[in-house]
Each structure stands twice: as C-alpha cells, then as structure tokens.
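**Q** predicted structure and sequence below. I'll ask about it afterward.
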Amino acid sequence: MTDDASPLLAVEGLTTTFDTDDGQLVAVDGIEFTVEAGETVCLVGESGSGKTVATESITRIVDSPGSVEGSVRFGGRDLLSMSEPERRAIRGYEIAHVFQNPQDALNHCYTVGWQVVEALQVHEDVADETARSRAIDLLDRVGLANASTLFDDYPHELSGGQKQRVMIAMALIGDPDLLIADEPTTALDVTVQAQILRLLDDLRREFDMGILLVTHDLGVVAAVADRVVVMYAGKVMERGSVLDVFERPAHPYTRGLLDCLPGVGGTEGGIPGTLPDPLDPPDGCRFAARCAYAEDACRTGEQPAEIKTDPGHHASCIHYRPDRDESVLEDAGREPTGSDRGADELPNDGVSTDD
Amino acid sequence: MSRQPTIGSKTDGRVSRRRWLSALGVTGLSALAGCSGEEGDEGDTDGGGGDGGDTDLIIGEFPRFGVDDLYGETVARTLARKAFEQSDHDYGFDGDDMVTPDGNQVELDIYHSAGQETSQLMAEYIGQELEKNLGIVVSVEAIDGTRFNNEYWTAEPAGGTDTVNGEEIEWTRPTPQNPGPQSVASNEAWDMSVVFGLNTYPLNPLTNEAFFDGATAAYNPVGYYPEFDATGLFETARQATSRDGLREAFVEIFENLAREQPYIMLVLGDDLVGYNPELNGPSENFSNGWDFPAWHVGDPTVSGSYDTVSAAGFSTLNPLYNTEAGAGTAVGRVLDQGYTFDDDQEYFPLLYDMSTENGEVWTFDLRENLTFSDPYGRVTAADFVYLVQAVHQSDWANTAAALSWEGVEVERTGEFSFQATLETPALLWPQSYDPLLYPIPRALLEPYVESEDVEGLQQDEELLELQFSGNLGAFTLDEWNRGAGTTYTRNDEYYLRDIDEGPDRFADGPFFEEASISVVEEQASRLGALETGEADAAGIPPEQFQSYEENEDVTVREIPTPYNRILSVNQRANGWQTGPGNPFQITAFRQALAAAIGKKDLIQGIYRGLADAHFTWQPRWSTFYPGEE
Amino acid sequence: MGTQRSDRFDEVEWDEISRSRWFEPSRNTLGVVLCTLPIAVLGFYDWQVLGERTATFAFVGTEWDLGGIDYLFGFTLVLFAFYLVAPLYQNPRMTRYYWRQFKRNRPAVVSLGWLGVVFVGGLFGPLVMSAPEQSVLTGYQPPVFLSIDAAYVDAQTCVGDVVSGRCQGTWQHPLGTTQGGKDVLASIIYGMTISMQIAFITTTIVAAIGVSVGTVSAYAGGWVDETLMRLVDVVLSFPTLLMFLLILYIYGAGLGMFILIFSLFAWGGTARYVRSKSLSVSEAEYVMAGRLSGANTTQVVRRHVVPNTASSIITQLTLLVPGFLLAEAQLAFLGLGDSEVPSWGQLISAGQSDLSFAPWIVLAPGFVLFLTILAFNFLGDALLDALNPEAEAETE
Amino acid sequence: MGFGTYVTARVMWAAVVSFIIVTITFLLLAAAPNPDVQRAATQAALQGGDPAAAAERARELRGLNEPLHVRYLDYLRSVYTLDWGWADSRSQPVTTALAEGLYYTAQYSVPWTILTILLGPLVGVYSAANMYSWKDHLATGFAFFGYAIPNFFFGIILLLIFGVWLDVIPVVYDTSVPVFSVANAVQLSIPVFVLVTGSIGAVMRVSRNESAEFQHAAFMKTAKAKGVSPLRAYAYHVMRPTLVPLSTTIVGQLLALFLGSSLLVEKVFGIPGLGRVTYNALIAQDTNLVLGATLAFTFIAVFGNLIEDLVFTVLDPRISYDDR
C-alpha cells in the first residue's frame, strides 16, 4: 500500500460548504485520503462528523446548496473539475453508491427490476431482455431467492434486508471500480447486518473493486477494513491501516472512540461533550474542547497539519509534531484492542458513538 | 332592465295579451287569460270615499298624483289624515312618524323581483319616499317572481260574499288571482310589491275589465273594491256601438281609476332599442315591426342576414301553446297570424280580413293564396274552424288561446270564409287580439283530437319545429337550437308578396337571405353584439341610451309601451301587517301613497327620463287617455 | 437544519398547553359561558319580547338591529376569542415562536394585515358608518380622480364638476357609486361583515362537526368508525352546490341556509384528518402514559388529540374559507344569492351590466374579494409552514 | 382481495352513494309542494274550471296520490332507466336537453381538463425543481392568482377586454361553427383560459408541495448516484410518485369546479352547456329538468370519484386492496 503510486481514488483538500440562512456551514473541511483498487477503506466518526457528506462529495451528489472544492482524482481523472455529464457517466457505472437507509432509497412507484435495470440502461444501450437477465443474475448473486419473480415486485413488498441487497445489486450492475457504501447496515436488523457486510466483502473480492465504507461502528471496521479514516467535525483526525489505527491509535479522538467499545475497558458513555457548532468551528483543533490532552496551543490557529506517525499512518495532532513529546498521550495507559473479531460477533447495539 | 324589448315583432300584442303580467318577474307566468264578461250589476255609488274633504286639497276629475302640486309631504299627509278619519282605527302621526293606534312606528315591507336591478332600485326608492313623505318605515325584501306569484300573489280560490259600494256581491267564480272578498287572504302575508307590472291594453281597453270590472273581476289579487260604478261603466263600454260612445265610457273609467289608484301607478317604461344604422324600417311607435317584410339594409335588395338577440331561450315554439313574447317573435318569422295593426294602430289584414256590422257577428275572409307545406295543401276556412272548435274550444287541449274562444260560435261559410258570433257584441274585438289565429293544418291535429292527447299535441315535432309553414311566413325555420336560438332562410314563396294592401315593398320582401335570433342572456353581451355588428337589433338599458345615441354604430329608437310599473298594495286581510285594520283599503290612503312617491325623480333617476309618468290605466298615447280632449 | 433545534417545540409546547389546560380549563370555558350568556339573553329578548321589526337596541335608542346570523356570529367570535386568541396570549412563548416562524413569510404578514382590515371593517364598520343609501339621482358617480362621460352622468346629476364633457369623481364617493347611487366604499365595508360572518360561522360548524366525528370515529372504532367513515365518503362526494341549488329551487334560501348547507357538507376532510391524527396520537407514548395514569377518553381527546391536531385543523379551515366566500359570490353573481344581504358578490352582480362604462362597481368589490381570497390562501400556506415544523424540515 | 374484486367493490360503493343522493333528492322534492300542481290549479281557475279538481287531476297524472313508497320505487325506476320526462322549459325530453348541454360543455371541458392535467403537474414540478427561485415565485404567484381570482370576475373582465375593446373574440358564442374549427377554438380560448387558470393553481400547489418532498427523497439521491440525468430523474422519479397524491386532488378539484364553473363560465360567455341548462331550468321552475340536471351532475360526481379511486389504486402500487 503505497502512497505515491496512482491510487484508484485520491481525495485531496476536499471541502464541502453549505450556504444556510445562518451562515456558511463547512461540513467537510479539506480532507485527504485514498482508496486503492480492491481494498476496503472505512470512514469512521460520530454522526454529524461529515462522513456522509464527504462520500457524496466525491461524485458530487451532495444536496443542492452544497458546494464542493478540492480535488478528487479517480483513475487519474479529476471528478470535480469535469463536466456534469462526464461525471454522470461515471456515477453508478464506475463509482457506485449504496446508501444508509434502504427503506426510502428505492422509488416506491417502480418495480425493483425496473430500478436495477435503469442503473444499467442510463449508461449502456442494453436491450431490455439482456438487461433483465443480467439484473436477475445479480439479484441472485446478492443472495436474493426467487430473483426472477422478485424482479417484478415493488419495493414495499420487500424486507429491509432484501432492499439493501437490491441496492447492492443496483450498484454492481454497472460493474463499478469503486463502491461507496454509506452505513449500509445501520437501518437493518442485526442478523442481516452481518450478512450484508460479508456479502460486500465477498463481492469486493469477486469484482476486484475498491470499497469506501462509511460506518460509525468500530466493530465493522475491525472486521472488514484494510485502512481506516477517522473523521471528526469535518476534518480527518487520523488515517492509516486498520492494524495501525487499532493497535496504535495516534489521535486522542481515535482513542476515545476505541474506549467506547464495551468490553474494551474504556469509559462507559463515550466521550464527554458534543460536536462543535459547524457554523462556527473553534480555532485550532476541532477536538480540543473535548480532548483530555488539549493545551492552549491546541486552541489557536488552524487544525494541526497531518503528521506521519508511522508509514501510511497519519494523525492531525500537535502532540506528534517533532518538537513535542507524544508520550503525554500515553499516560492513560491504554491497552491495545483486539482487532481479530469476526464480523459475526458484531455487538448488538451497534456500538454507535453518536448517542 | 328586466323586460327586454322584443324587436320587430308583429306578434308582440298577440302575446302580451297572454301576459297581463308583463313579466317584471323572472319568468312569464303561464297562461293568464281574459275574463268572462259576466254580470253587470248596476248600482248607486255609495258616498263612501271619493274626494271632497275638510281641507282645501282639490283632487280633480283626473288627478295626476306624484307630480307638481299632487306630490309631496304636505299633500300625502293631508290625504293620509283624511284616510285615518275614515278608518276604524286610530292611526296618526307622531311628529314625522306615522304611528299605529298603539303608538308604534308604522313599518311595511315591500317585495321586489330578485335579481332585477330596476325592480330593486324602484323598491328602495319607494321606501325612501314613503319614509320621507309619510313617515312609514319600509323594509325591502327580494323574492323570486315565480315564488312570489305562487305564495304571495295568489291564493286558494275560496269565494264568498261581501258588501261593495253598499251592494251585496258574491264571488261565484273565484280564481287564484281573485280568491274572494278582501277577507280572503293570500297564501302568505305581504304589504306592498313591485314584483309585477301589468298591461294597460290601450288598443282595446275593454280587456281591462279583467282587472277592474267590479270587485269580482277575474284578476284582482290585491282585493281592490272599486268605489265607482265600474261594472256599469264596463257594461256601457261593451254595449257601445260607436267609437265615441266607447271612448266616453272609458274616459270615465280611467278618470276614476286615476282617482282610486287600485294599484299605485308609477311609470310606463319605453322600449329602448338599438338598431343597425343601415337598417330602414324601424319606427318609434307601438306597432314597430308590423311591416317587417319591407325592412331592408341599404338598398332594397335581398341580401345578408337579419340577426337579433333574445335575452331568454324559448320554452316552446308550438304555436298552440306558446305564451312568451320572445318565442312569439321566433314563431312570427315563420308563421303569420291573422292580422296586425299598422303604424296608425289600424287593422291590417294578413291571413284574413275581419268585418262586422254590429260587433256581434264577425266574418273572416281568408286570402286564397295560402298553402301549408306538403302534404297539407291549401289553407282553407275548414282548417281554422276545426282549430277553433276541436282544439281551442275543447275541454282537454288547454291551448294558450282557449279563453279567447270561450263562448264564441264559429261556423264555416265558404271555402275561404267563416264567421264568428260573440256572446256580447265587441266593436273592438280584433283589438283585443282574441280573434288572432295561427294557421294549423287540420290533418296534423286530427290524430291528437281523436285521442284527446294533450301531451302529444304539446310535444308534436312538426308543431315544435314549425315544419308545416308553407308560404305562410317570411322565412322558414332551419333549426331551433334550444340553448342558442333559431336560424331561418328566406321564404321565396311568401304569400305577402302577392297582396294588394300595404307598402309596395312587400312585393319583394323580405329583404334578407337569412335571419336568426340568438339567445344571449347577458345584457353586456347583447350590447356588445350590437356594437360589433353581430346583431342588427338589441334592447338598450336607459342608462346607456344617451351614449348609444351618440354612437355612430347604433341607431336608437324609443318605443312607447303599454306595460306599466305599479306599486301593488295588499288590500286583503293579511295586507297591512303593522297594525289593526288595513288602510290600504281606503282610497284616500292609496292616494296618499301615490302622492308620496315622486314620479319625476323616479323617471329621471331610474329611467333617465325615458319613461312616462303613469297616472291612470292607459298610456298617454292611447286614444282612451282622459284629460287631453 | 431542522435537527439542530435542541428542544422540538411541537412536543414541548403542546405539553405545556396540556398542562396549562389542566389547571385552567375552566377559565376559557368560563369566559365563553359568561360571554355567551348575554348574547343568548339578548337573542331571546329579541326573539320573544321584541316585535319582528323593532330594532334590537331600540331600548338604548339605536337603530342597530340584529338577526339570527348576527347572534351566531357573535357566538363564534366569543369561541375564537377564548379558544384561539386567549391560548396564544396565555402562552406567550409559543406565540412568540409562531410569530417568528410566521413573519418570515412576508406575503402572509401582509395578508394577515389585510384580513385584519377586513375583520375590523366588518366588525366595526357598520357601527360607525351608516348603511349605503340609495340615491337615484346620483348614480354612477366615478371614483375620485376618475371621470365618466357626461352621456352617463350629466351636469345635473354629477356630484363633482363636469370638465370637458366628463363628470369628475369626488371624495364624497371615493370609490364611486352604483346605478342606484349607493356608495361603493360603504357597500364594500358592509360586505366585509357578511364575509366575516360566512368565514367565522362556517369554520365553527365545520370544526365542530369534523372534530367530533373524527375523534368519535377514532375512539369508538368498530362499526361506529366504519359507519362514520362511509358517511364521510358520502359527504365528500356530495355535490354541495347542486344540493344547495335544489334546496333553493324547492324552498328558497337565504344567507343562513347557504351557510348551513355549505358547512354541513364541508367537514368530510376535517373529520378524516382528525380521525387519522387521533389514531396516531392515541398510540403516542405520552397518551398511553396518560391513559395508564387513569385519564379517560374525553380527557385524552381534550388534552392530547385536540391540541395536537389543532394546528392542522386551523390550517385546513383557513384554506376552506375562501371556498365559501367564492361560493357566496358566485351564487350572488348568478342571481341566486340572498339579495337582501349586501355582499360583495351582490355588488359585482349588480354592476356587471354597467361594466363597460362604470367598471368600478364591479372592479372595486371584485378586487376586494380577490384580495381576501388571496390573503386567506397565503395565510393558510404560512400557517402550514409555521405550525407544521416537520413539513418545513422536509421541504427545506 | 384481487384487483377485480376491489374494482367491483368500489363500483358497488359508487352505486350506493349515487343511490343515497338520489334518495335525498327524492325526499327533498317529496316534501315540497309541486309547482306543476299549483300551475295546473291556477290555469284551471283562470279558465273557469275547478282549481281543486284540476290540482287533483294533476296530482293523479303525476302519481302524487300514490303512497310514498310506491312513488319512491317509481321514481327509482325512472331514474335508473333514464326515463327522466319532458322538459317543459325547452320542449324536449330531459335527456335530450342534457345531452345537448353536455355537447357544448364538453367542448370546453375536455381541453380544460387536459390542459389542467398536463400543465398543472408540469408547472408544479418545475416550480419545485426551482424552489425559491424567481421562476418558482412566478409560478406560485400565478397559481395563487388563478386560485384566488373568481372565475366569473376574471371572465367578464377578459371578455370586456378581448371581446368588446379589442374585438378579437366574438362576444356572442356561435353554436353554428364546427367543433374542430379555428373559429371554435378562438371563441373557446378565453373560457378555457379562465378555467385553466382557476383549476391549475390547486393542482400546481399540490404537485409542487408533493414533488418538493419527493425531490429530496432518498430515492432521488439513488437515482442521481446511478447517473440518471436530472431531466430523467424529474420525469420518472419525481413526477411519477407525485401523480399518486395528485390523483386524489385533481379529480376532486376538477369536479368541484365543474358544476360551479360550468354555471358561471357558461353564463358569462353565453355557452349553452349543461350549466346553463341547469340554471335556466331553475329559473323557469322546470322540475323535471332541474331534477334531471341534479341527477346528471350527481352521476358525473360519483363517477368522477370512482375514477379517482381507481386511478389512485392503479398509480400507487403500495395500496392494498383490503384497505378502505
């Protein structure tokens, strides 16, 4: 996993701003990460930290008042500077999305099959029959029984899990290189969650695609991720391989997150405090207000620049500056967490950090 | 304006004969018919009311109430006080207010026709005048004309007896319009009304016996008891053998009516009609339109189309059952009636000439060139006699003309002549429009007569569509679109082309290729059509008369009519609801009302000066109008 | 963003109302009773003691007479004062919140202002100014600053000056006069009363029936629910105007009958809405809690269902009112209205034939009617936004 | 329950509703004195006959002496066999009168309905797509204008402007022009415009609000993520779901306007359609025709509601036939 070879997806300085009545809301503030072909990258963070906006900014499908800046290079092309029709040709074809809530993600007025086929036919001039059989194949492939009858069913006749599988089938029908899955399991029943995740992992291998998986569930991260990007309040706090991050979490925020995992021996009830006001972000490190290690220096200037703590492992914390002593962070005496838990053992309550 | 003038109609009079109520209400009332000239009791006039009194107020032979010195607060109150003296109840004035014996303000209601602007304006004007000049508080109520007729104006005929002018009178043939003596109340109580106006019949005032021939007259919804010898005078008129004798009798009747004000007479409105300025023919008198076949645009050559507008659709074109003026016009385009009256109100024969020696036996001489359409052949006296005897005089058919032929003996005297014998002689029989007949083929009627099928007769396609008209009219009917009106094509065979009488132009008439009558219910649209030339003639409301007079695209004509605007006051038991008794029954009180309502302002304000003050039951242009010798 | 609002007012505030009603339910109701009593007494006195034609206030020497509709109007005003205005006053925080929401919609604020003018004009206009008087000799006076050809109003009848063949308008009749010389402005102000009466009385009847049927249906369930909802079906598919025409044809009908018929067939939507809302509210946790703690159905309905549906009902009613006003004007225009009532429709109808030369008779009341209907619509829309934060969050 | 059964049930229910309304009209008429009888009595009295006997004859002729239930059954039979009698005020059978009226009413109602159904949702969705822009404000303003301006008021003003002052349309409606002709299109243009203006507002508002909801729906993001173009997304993913709630509004809206508008617009523009047939029957006290018109409009309303139900069912795949 090299940093310099041209990755599948390279996000740099991605900033997404919403103009609201109350002022400018910077939802994503100059983030940077990459996704390689065939790997799974997890984007983690609390609700409201800008994960979803970040993923939607990649193909620029954020809601209308949002404006996206920075650079998103996909297979060498800059997605943000290309024209909308060009980008449209990539959406759903080379980069596919799977969304958080499958309940509303399908249009209730059309059959499942119609919607799956539509994803193909807007990109390729495929005969109805061909498209249909391909869709049925895929529906079958994503684990839906009776795919050929289900093809003509309406979304309301499907369960949540089935719908999410349909969404995945829809995403895969264009044979994408990158699949962006935004919390694909949150809205689903626990038993189904695991199946879906496993399915995604299988499909990644089968189709050799990159997956950008958004989640706030560290258990999921541990199970499927190759690399992790930790976001907080629109900024990347830390990114690196899943081993590095889980074994040696660099940023106090990541540590806080990992502490929340029950059974890991951290403080119950999560990190005290709430996310800063996105309309009026504080100076300095966004996390400073909730950080046990924050110093005055943390509260001035900009968010600290990313500092490489290990190869391929970056953190945005002043304590890692060469002139600082990072060991101040160690006094909490954290134990490394086990990262070998299978997806099947995902905790029931989803370990969501947002409550 | 409520009543839309009908244009160019020879049949106006014919139809209005059927319409005593000149339809100030929304609908024309169905079949209203003449009276039967019955008992003519003579008797002394009881000196019950009349004129004369303790004041220096002089009410002459022919008083003109509501103008000049017979208008105003003083006159009205003097007359009212006189009435109160005659009353059994102690009415009077408290300051400006008229008060009941209990000392309460006198309050009356007045009904006007809902949705009729003029009617409402008039009602409110009357209210203001009565309040100002007599201290009566008037509340104005709107009511649908038909509803008023059914519930207020009429009553279940009850009959009964009463003393009128000191004489015992019996109501032997009560009608809903005269259910009995004053004690017989109408279905619903009411005080005053301007809902209906009536016809004054200037051509044959004898027809007015229906209103005023004594208290038992056929049509007397308000319960008026004449204080003069009405029955005697009408009898004299009936017996008259000369026009002078006739006139004498009528002048006396109309002078008395002017004094007694059975209805408070207000105005006689004029028909205001706008015409295509190119049109030659329309005149400014009551017979306007009798010579329609001679009318033409520009040069007297056959060209173009004569298009008029009608405010309402026609309910039937069946000549046997039509009672509406508008439909009468529509029928008249296709089918002439027996005769008409010319510019000088003189008899003008169309289908037949009428003659008499003494007014009792009348001879009808048919023109010999009249034919129906195939297969009905020529029009002969047999057709008319059959029509009268088997249909009009039958007890099942109930035709619109049934009453006109009651008691008339008809007899065929030749192929083209028949004669009618009247029960009582009538010198002015034609002027009553009673002997007007439409020609209807006998063969068409026969099946219905045999089965006495009134519905079949009413709904007969050929009658409704006038398909038998032959050469009997200026045009033939192309289509009757119920909602949109009628369209016609010129009748090249028109018999009138070959007659000797009348204008020379008749020989080439009519001068239009086509004709149409469009139903246009909105006045604004009718006027718009007139202005844009879509219509050749249309009625004009008084307030726009002057501006159309200045408009080069329209020629306006002011045509006097015999239709009046009256204030009816309920002299029956349920008439005066504000207190005991009913002062409306007292002539002096009605005079007070007449004197309290200013006619000048009324004519100026509501009619823009385009109406005549109405003093007695004749228009000023009638030969029977009293006063001007 | 909607989610940023920490305390969701629609939960918090209504709770507060329910609480306040708990302690002072009788204060408003008492007010209603106390105010209704004199109206009823006066009505009874008018009906029983006074003759048909004696002015109601003859005993204090005024000519102001009251009819049946006026009493009903008075009663509805009392209801509105105590059940709509008073709660707003008693809950200043909620009122302030609504007002903040509401005033963002500028057309709605203007509309409220206009309706305020109509309301005040309708309520007090007839008290301070005399009814428009007919004066046949001063018909067709043009509005101030306008003029009319002397062919219609000549020098004799023109109130103002005749300048170069045209009669000029005067301040004496700012909006001109009708054919009968009635002042158009005064007629419009008197018409406001009619419009307000229609608006208030119909909404009261619709609300009363709709809320009753809706809640009864929701709480009774079973065959009662089934029957009532079928009834609603019938009411909704009932051609109201037609039925009114039929009744007019058979029996004749005035303004009272109009109000009755139209409100008797307009409650279907409200009932349906209240029912579904009641069903969802009754499943809400706090209602369950209330039930467990022993509240009976009536209390539940009064303290939870009505407050929770009130906002939507008010909105619905606001949007119903213009329909009634329009229907009245239409009937009047057709000549089928109550011509004894000086409504705007009557004025439009009367001036219709004069449109080509005296357009103000139609235009003035026509625009007032248009503006009023427009204002009710804007207001309804704004209320929809202000009272329904969820809808707002969805659309933003 | 299958679709067929469901349709049958709805049709049955429509029949029940029509039956209820028909019954109510019967009761209303039965409770009032019959003007025909009064007329007969008046006529008889005038002609010297016995009014009481004439009234009796008229009552007998019209079967008014039968017991109420017999009259009711008789009434039902004639209503449902279209034996609606003779229209005295037009001298033609009631059914013919109504058919003639319908002929003219249809000429402006069909374009009106089509334009409303086509334009309303289009403008509404367009407005929602450009929400809070000047285009939206313009469209919304127009909707409010059309909604608020009384049809008849708007109609007479337009007629005054275009008919009288500018003289570009005929003031008098011409029934003699062919249905599909320029002249007919010209004379119907203003009435249709007035009606569309009046009805499109409500349709637009509903479609704007509904589609506003749908254009922010999750499935729109799905469509966008699929690479669907905005135009296609609006056409398929917004318009289609919007039609579901709209279908419940649009029919009701059109029906509500239908009677009132046909009365008013036909009066203003002089079109001899159903509305004017009804109005004139009322004025002329033609009981048969009044009743016939009432029934005609009732059946149209009931039929419209039925269509609305069925369309709604067809449009919304989620509806379960067991509901309602």
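**A** Yep, it's here. This one's a predicted model, so the numbers in the text were calculated from it and none came from an experiment.
**Q** against the centre of chain C, work out the most remote residue.
**A** Seen from the C-alpha centroid of chain C, the residue lying at the greatest distance (C-alpha atoms, centre = their mean) is C:Ser164, 45.8 Å away.
**Q** how far away is it from C:Trp267?
**A** 58 Å (C-beta to C-beta, to the nearest Å). (Glycine included, C-beta is placed from N, CA and C.)
**Q** which residues of the chain fall in strands?
**A** In the absence of a named chain, this looks at chain A. If DSSP state E is used as the criterion, the strands of chain A fall at A:9-20, A:23-35, A:40-44, A:66-74, A:77-78, A:95-98, A:178-182, A:210-215, A:227-232, A:235-241, A:307-310, A:313-315.
**Q** that's the other chain; I wanted chain C
**A** Per DSSP E, chain C carries strands over the ranges C:147-149, C:162-163, C:166-168.
**Q** hmm, back to that, need the contact list for the residue farthest from the centre of chain C.
**A** When contacts are counted by C-beta atoms under 8 Å, 6 or more residues apart in numbering or on different chains, C:Ser164 touches no other residue.
**Q** re earlier: I'd like to know which of the strands of chain A is closest to D:Leu282.
**A** Nearest to D:Leu282, of all the strands of chain A, is strand A:9-20, at 58.0 Å by C-beta to C-beta.
**Q** the closest one vs strand A:235-241, what angle?
**A** 160 degrees (axes from the mean of the first three to the mean of the last three C-alpha atoms, to 10 degrees).
**Q** check which residues of strand A:9-20 are buried.
**A** For strand A:9-20, a neighbour-count test (16 or more other C-beta atoms under 10 Å in any protein chain shown) marks A:Leu9, A:Ala10, A:Val11, A:Leu14, A:Thr15, A:Thr16, A:Thr17, A:Phe18 as buried.
**Q** near chain D at all, that strand?
**A** No: contact of strand A:9-20 with chain D is not found when judged by C-beta under 8 Å from any C-beta of the partner chain; the minimum separation is 12.3 Å.
**Q** and that strand, average pLDDT?
**A** For strand A:9-20, the mean pLDDT works out to 87.
**Q** tell me which residues are up against the longest helix anywhere in chain A.
**A** The longest helix of chain A (DSSP state H) is helix A:190-207. With contact meaning C-beta under 8 Å, 6+ apart, helix A:190-207 is reached by A:38, A:40, A:141-143, A:160-161, A:164-165, A:168, A:172, A:175-176, A:179, A:181, A:184-185, A:188, A:209-211, A:213, A:220, A:223-224, A:343-344, A:346, A:348, A:350.
**Q** make it 7 Å
**A** A:38, A:40, A:142-143, A:161, A:164, A:168, A:172, A:175, A:181, A:184-185, A:188, A:211, A:220, A:223-224, A:343-344, A:346, A:348 (C-beta atoms under 7 Å, 6 or more residues apart in numbering or on different chains).
**Q** how many other residues sit next to A:Gln195?
**A** 18 (other C-beta atoms under 10 Å in any protein chain shown).
**Q** which residue packs closest to C:Thr177, ignoring adjacent ones?
**A** The spatially closest residue to C:Thr177, leaving aside those adjacent along the chain, is C:Gln141, at 4.2 Å (C-beta to C-beta, 6 or more residues apart in numbering or on different chains).
**Q** next one: D:Asp167
**A** Nearest non-adjacent residue to D:Asp167, counting by C-beta to C-beta, 6+ apart: B:Thr532, 6.0 Å away.
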